[in-house]
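[1] Build me a model from this:
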Amino acid sequence: MNYPWLEEADKTAFFGDYGALAKNYQTQNYLVDTAGQDVIASVHIQADADPLDPVAETRWLSEVAQRSGELGGISVPNAIVAYADFTQDDIDAVLASHCQFDRVRGIRQILNYHEDDSFSYTSENFLDNPCWQESFSLLKKYRLSFDLQIYYQQMEQAAQLADKHPETQIILNHTGMPVEHDSQGIEGWRKGMARLAQCPNVVVKISGLGMCIPDWTIDRIRPFVMDTIDRFGVERCMFASNFPVDSLFGTYESLYNAYHTITSGFSVSQKSKLFCDNAARYYQL
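    Numbering: from 1, shown residues only. Below is the predicted model of the structure:
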């Protein structure tokens, strides 16, 4: 697969140098990383492959999953969240093409926009774009969910979008991307998360905390994990890894052991929902 962002000469982002990611990361690498945890299924979230052929990654992943299943053990991945650009005229055809593959469950187009260009993933705030908003309504037609990746400054707009499309399942990525850690940033994130939690069709993946807090420790990420669960409730939260990106900041085992430590006082039923059942439910595994 062709991933332009891994081929650029300048491999730096707001979290630092990501040059170490510019190598193949395939099924066998994932299975090695996860060997210390009882992984029974996985979801692949689009990784910004070549936007000129948005279905190529889905086609490739479907072939990978079929081959891995034939080798025995778990099939990797079990579900796919694909890429589509909602500003393109052919969006309906792109969604239809994705849906020809039975592992596709949803779509992600990264929306992170920030007044500081070093934080922005996009050239504009697509939530302000009428064309983008109109195309979003096609998700209902194809019964697809949407993985939402934004900053707290965009959360009110995202909540309005969720309110407008109550039939579409929205899955907030990376704990709401808490990348600004001053008092204004933390308070803005908390208020934004509370607003999104008011939308019944929004759930959240607690993930990406290494990317957002590169020098993370259990004590540093604990407030973000607990605040998120407090706002959304156990029924609407799930733990995720953001691997291989978060491999820059720690091992898969250290990440999941941190989750286990933070939730050590939770009931067996609550842990089952956070670590397994909710992902199976919202991604239809």
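[2] how about the helices in the stretch 101-250 of the chain?
    130-136, 138-142, 155-164, 183-197, 209-212, 218-232 (DSSP state H, counting those that start in this stretch).
[3] Tell me which of the ones you listed lies nearest to T12.
    helix 209-212 (13.2 Å; C-beta to C-beta). Where you see a C-beta, it was placed from the backbone N, CA and C, and this is true even at glycine.
[4] circling back: buried deepest among the helices of the stretch 101-250 of the chain, which one?
    Ranked by mean neighbour count, those are led by helix 209-212 with a mean of 24 (mean count of other C-beta atoms under 10 Å).
[5] packing partners for it?
    helix 218-232 (3 or more C-beta pairs under 8 Å, 6 or more residues apart in numbering; DSSP states H and E).
[6] Tell me which residues are up against the helix it packs on.
    175-176, 178, 190, 193-194, 197, 202-204, 206, 209, 213, 237, 258-259, 261-263, 274 (C-beta atoms under 8 Å, 6 or more residues apart in numbering).
[7] and that helix with helix 183-197, angle?
    Here helix 218-232 points in a direction 40 degrees away from that of helix 183-197 (axes from the mean of the first three to the mean of the last three C-alpha atoms, to 10 degrees).
[8] what is the mean pLDDT for helix 218-232?
    The average pLDDT for helix 218-232 rounds to 98.
[9] do the same with stretch 172-179
    98.
[10] Let's see the distance spanning that stretch from one end to the other.
    15 Å (C-alpha to C-alpha, to the nearest Å).
[11] Only the buried residues of it, if you could.
    172-179 (16 or more other C-beta atoms under 10 Å).
[12] What of stretch 246-254?
    Counting neighbours by 16+ other C-beta under 10 Å, one finds that the buried residues in stretch 246-254 are 246-250, 252.
[13] re earlier: sort out which one of the buried residues of stretch 172-179 lies nearest A9 for me.
    A9 lies nearest to V179 out of the buried residues of stretch 172-179, by C-beta to C-beta, at 24.0 Å.
[14] Pretty sure that closest one sits against F14.
    Yes: using C-beta atoms under 8 Å, V179 is in contact with F14, at 6.3 Å.
[15] got any residues that touch both of the two?
    F119.
[16] how close does the residue nearest the centre of the chain get to Q88?
    Nearest to the geometric centre of the chain sits N173, at 3.9 Å (C-alpha atoms, centre = their mean). Distance, N173 to Q88, using C-beta to C-beta, to the nearest Å: 21 Å.
[17] do the same with F249
    34 Å.
[18] Tabulate the buried residues of stretch 246-254 (CSV), appending pLDDT and distance to L138.
    Converted to CSV, those look like this (pLDDT from 0 to 100; distance: C-beta to C-beta, whole Å):
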residue, pLDDT, distance to L138
D246, 97, 31
S247, 97, 34
L248, 97, 35
F249, 97, 36
G250, 97, 38
Y252, 97, 35
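[19] Identify the farthest-apart pair in those.
    Largest separation among these by C-beta to C-beta: L248 and Y252, giving 12.2 Å.
[20] Overlap of the contact sets of those two?
    Common neighbours of L248 and Y252 (C-beta under 8 Å, 6+ apart) do not exist.
[21] Which residues are in contact with the residue nearest to K191 when sequence neighbours are not counted?
    Among residues not flanking K191 along the chain, Y152 sits closest, at 7.5 Å (C-beta to C-beta, 6 or more residues apart in numbering). Counting by C-beta under 8 Å, 6+ apart, Y152 makes contact with 176-178, 180, 185, 188-189, 191-193.
[22] where's stretch 13-28 relative to the chain centroid, distance-wise?
    In terms of C-alpha atoms, centre = their mean, to the nearest Å, the centre of stretch 13-28 is set 16 Å apart from its chain centre.
[23] Make 33 the first number, not 1, from now on.
    Yes, from this point I'll number from 33; that puts the last item at stretch 45-60.
[24] Tell me the buried residues in it?
    For stretch 45-60, by 16+ other C-beta under 10 Å, it's 46-47, 53, 59.
[25] my read: D49 touches P246, true?
    No: using C-beta under 8 Å, D49 is not in contact with P246, being 10.5 Å away.
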